[in-house]
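Visitor: Fold the following for me, if possible:
(chains A, B and C)
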Amino acid sequence: MAIPADETTAGVAVSNLLADYAACIDGDALERWPDFFTEDCVYRITSAYNFVRDLPAGIVHADNRRMLQDRVAALRKANIYEKQGYRHIVSVPRIGRSNGTMLETEAGFLVVRILAEGSLDLFATGRYVDRIDFSGERPRFASKVVVLDSEKIDTLLAIPL
Amino acid sequence: MAIPADETTAGVAVSNLLADYAACIDGDALERWPDFFTEDCVYRITSAYNFVRDLPAGIVHADNRRMLQDRVAALRKANIYEKQGYRHIVSVPRIGRSNGTMLETEAGFLVVRILAEGSLDLFATGRYVDRIDFSGERPRFASKVVVLDSEKIDTLLAIPL
Amino acid sequence: MAIPADETTAGVAVSNLLADYAACIDGDALERWPDFFTEDCVYRITSAYNFVRDLPAGIVHADNRRMLQDRVAALRKANIYEKQGYRHIVSVPRIGRSNGTMLETEAGFLVVRILAEGSLDLFATGRYVDRIDFSGERPRFASKVVVLDSEKIDTLLAIPL
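Guide: Down below sits the predicted model:
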């Protein structure tokens, strides 16, 4: 597979990938989550404050897919996850520059948390800064930086974003 | 009309349909709402809990378009609807399998309620699990299952989602 | 550049434009904001109540791009803006009628405000009623009417929406 030659096809492919990704997390299918990434992917969660200053220290930093698998295993073991749900709403994406089989994209997002007794709250907002690799049989994230708008992040450590 | 042969065209057609659908409800043009469905449509509102277990009992269950028309008539008569507004935000959609003129899609959504005095609150989140029929002059929902994330649903009975 | 002949290409072009627009505001790149508009643009912020009644008095009314530049200059001078951030989430857009190089579109949106101490609140919801001019080297808003769902708007005067 290659990057679709025209921006239109690329735009829809990106929307589909982002929608699949969000559905995987919200559907608690976390075992499938690492498969959205390339083997030597970068996955980071950071804040807008740190991102703008290019500070490397993020909230989460993974250098490859195995680290994401370990993360899922740890989450399952900790079992923190069961009593609340999440809903990702992804804004219309921007298609950026492409280079070979790699495409840069960005999309704003919002995550609502659904608590066990049923109430909803605004959990996080931010943007995905992604590089998508189209060289495999399906598009995967070569790099995904989750840039959170808020610095208040203590409770965020558990959930993939 | 047939399902667009390529996924790109289908993706944009689905986005347009979802956007029209949301605008119809948010614009309080409920008399147009049943026309988004085929005559023998299924329309259900259920919770994630029930949906995963395939429990048939939903919050709302309609087997055909006439039931949707009756619902609108009842809403208009009850007149519950006037003092608050709604805003649907639909996340980027996923294009699923197609079969003949029928296309499966899913999209996360969020509904904000606008109260009479002007305050905004998070009213509902969930996902649309849709089958779209492209055999007519315009795409319509052959089946729309509104899967709500929260079990707390008492006040939801009034509004189409 | 002309309006893409097919609705699919137009749909992706519109998504891209809306995503760029939102990213510009959320990224506090306000000096670039007026450039999303044509020179003789109309930019209005109004409420659903006024919009439906076609009342001309809006919260903000600009008749050309220079007024938008003045607005940014005033905002920078007032310096109101620094302590909070915003995140626009734009729903899937509707592609409407086209006329020559002009395309009508609509999209629901939601704005979350990020306060200095890190909390998130629902700041505004509404829809963009846009006319996009494709005659230049890139698409620009010939008219953008921001129709807010709520009448409670006192604090909205500062931020471009």
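Visitor: Beta-bridge partners for the residue nearest to A:Asp63 when sequence neighbours are not counted, please?
Guide: Counting by C-beta to C-beta, 6 or more residues apart in numbering or on different chains, A:Asp63 lies nearest to A:Val42, which is 6.3 Å off, once chain neighbours are set aside. Bear in mind the C-beta positions are built from the backbone N, C-alpha and C, glycine included. Note on A:Val42: beta-bridge partners by DSSP bridges are A:Ser143.
Visitor: contacting residues for A:Val42?
Guide: Residues counted as contacts of A:Val42 (C-beta atoms under 8 Å, 6 or more residues apart in numbering or on different chains) are A:62-63, A:142-145.
Visitor: mind checking which helix or strand the closest residue to A:Phe36 other than its chain neighbours is in?
Guide: With sequence-adjacent residues excluded and distances taken as C-beta to C-beta, 6+ apart, A:Phe36 is closest to A:Tyr21, at 5.3 Å. A:Tyr21 belongs to helix A:7-26 when assigned by DSSP states H and E.
Visitor: tell me what that helix is packed against?
Guide: Helix A:7-26 sits against strand A:85-90, strand A:94-99, strand A:102-114, strand A:120-133, helix B:7-26, strand B:94-99, strand B:102-114, helix C:7-26, with contacts defined as 3 or more C-beta pairs under 8 Å, 6 or more residues apart in numbering or on different chains; DSSP states H and E.
Visitor: For the ones you listed, give me a markdown table that also has mean neighbour count.
Guide: Rendered in a markdown table, the data for these read as follows (neighbours: other C-beta atoms under 10 Å in any protein chain shown):
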| stretch | mean neighbour count |
| --- | --- |
| strand A:85-90 | 24 |
| strand A:94-99 | 16 |
| strand A:102-114 | 22 |
| strand A:120-133 | 22 |
| helix B:7-26 | 22 |
| strand B:94-99 | 16 |
| strand B:102-114 | 22 |
| helix C:7-26 | 22 |
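Visitor: and B:Lys77, which of those is closest to it?
Guide: For these, proximity to B:Lys77 was assessed by C-beta to C-beta; helix B:7-26 is nearest, at 18.0 Å.
Visitor: and the angle for that closest one with strand B:102-114?
Guide: Per axes from the mean of the first three to the mean of the last three C-alpha atoms, to 10 degrees, the angle that helix B:7-26 makes with strand B:102-114 is 40 degrees.
Visitor: and helix B:7-26, what's its mean pLDDT?
Guide: What helix B:7-26 shows for mean pLDDT is 91.
Visitor: What residues does chain A have near chain B?
Guide: Residues of chain A lying close to chain B (C-beta under 8 Å from any C-beta of the partner chain) are A:4, A:8-9, A:11-13, A:15-16, A:18-20, A:22-23, A:26, A:85, A:87-93, A:107, A:110, A:112, A:114, A:117-122.
Visitor: how far does stretch A:77-93 stretch from start to finish?
Guide: This stretch, stretch A:77-93, spans 34 Å end to end (C-alpha to C-alpha, to the nearest Å).
Visitor: close to chain C, is it?
Guide: Yes. Under the criterion of C-beta under 8 Å from any C-beta, stretch A:77-93 makes contact with chain C via A:89, A:91-93.
Visitor: Take those residues and lay them out in CSV including pLDDT.
Guide: Shown next, in CSV, are those (pLDDT from 0 to 100):
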residue, pLDDT
A:Ile89, 98
A:Ser91, 97
A:Val92, 95
A:Pro93, 95
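Visitor: top of those residues by neighbour count?
Guide: Within these, neighbour counts (other C-beta atoms under 10 Å in any protein chain shown) peak at A:Ser91, which reaches 32 neighbours.
Visitor: and the closest residue to that residue other than its chain neighbours, what does it touch?
Guide: In space, and not counting its chain neighbours, A:Ser91 is closest to A:Gly108: 3.8 Å by C-beta to C-beta, 6+ apart. Neighbour list for A:Gly108: A:90-91, A:125-127, C:19, C:22-23, C:26, C:87-90 [criterion: C-beta under 8 Å, 6+ apart].
Visitor: Can you tell me which of those residues is closest to B:Phe51?
Guide: The nearest member of these to B:Phe51, counting by C-beta to C-beta, is A:Val90 at 21.2 Å.
Visitor: ok, so of the contacts of A:Gly108, who is nearest chain B?
Guide: A:Val90 (4.8 Å; C-beta to the nearest C-beta).
Visitor: Does A:Ala74 lie in a helix or a strand, and which?
Guide: helix A:65-78.
Visitor: and stretch A:110-120, how far apart are its ends?
Guide: 13 Å.
Visitor: Determine how far that stretch lies from the middle of the whole chain.
Guide: The chain centre lies 19 Å from the centre of stretch A:110-120; the measure is C-alpha atoms, centre = their mean, to the nearest Å.
Visitor: One more: stretch A:22-41?
Guide: Stretch A:22-41 sits 8 Å away from the centroid of its parent chain (C-alpha atoms, centre = their mean).
Visitor: can you pull the alpha-carbon coordinates of it into CSV?
Guide: Output of stretch A:22-41 as CSV, limited to C-alpha atoms (Å, rounded to 0.1, in the frame of the first residue of the first chain):
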residue,chain,number,x,y,z
ALA,A,22,-10.7,5.6,18.9
ALA,A,23,-13.2,2.8,18.6
CYS,A,24,-10.5,0.3,19.7
ILE,A,25,-9.8,2.3,22.9
ASP,A,26,-13.4,3.1,23.7
GLY,A,27,-14.5,-0.5,23.1
ASP,A,28,-11.8,-1.6,25.6
ALA,A,29,-10.2,-3.8,22.9
LEU,A,30,-6.8,-2.7,24.2
GLU,A,31,-5.0,-5.9,23.1
ARG,A,32,-5.6,-4.6,19.5
TRP,A,33,-4.3,-1.2,20.3
PRO,A,34,-0.5,-1.8,19.8
ASP,A,35,-1.3,-3.1,16.3
PHE,A,36,-2.2,0.5,15.2
PHE,A,37,1.5,1.3,15.4
THR,A,38,4.6,0.3,13.5
GLU,A,39,7.1,-1.9,15.3
ASP,A,40,9.6,0.9,15.8
CYS,A,41,7.0,3.5,16.5
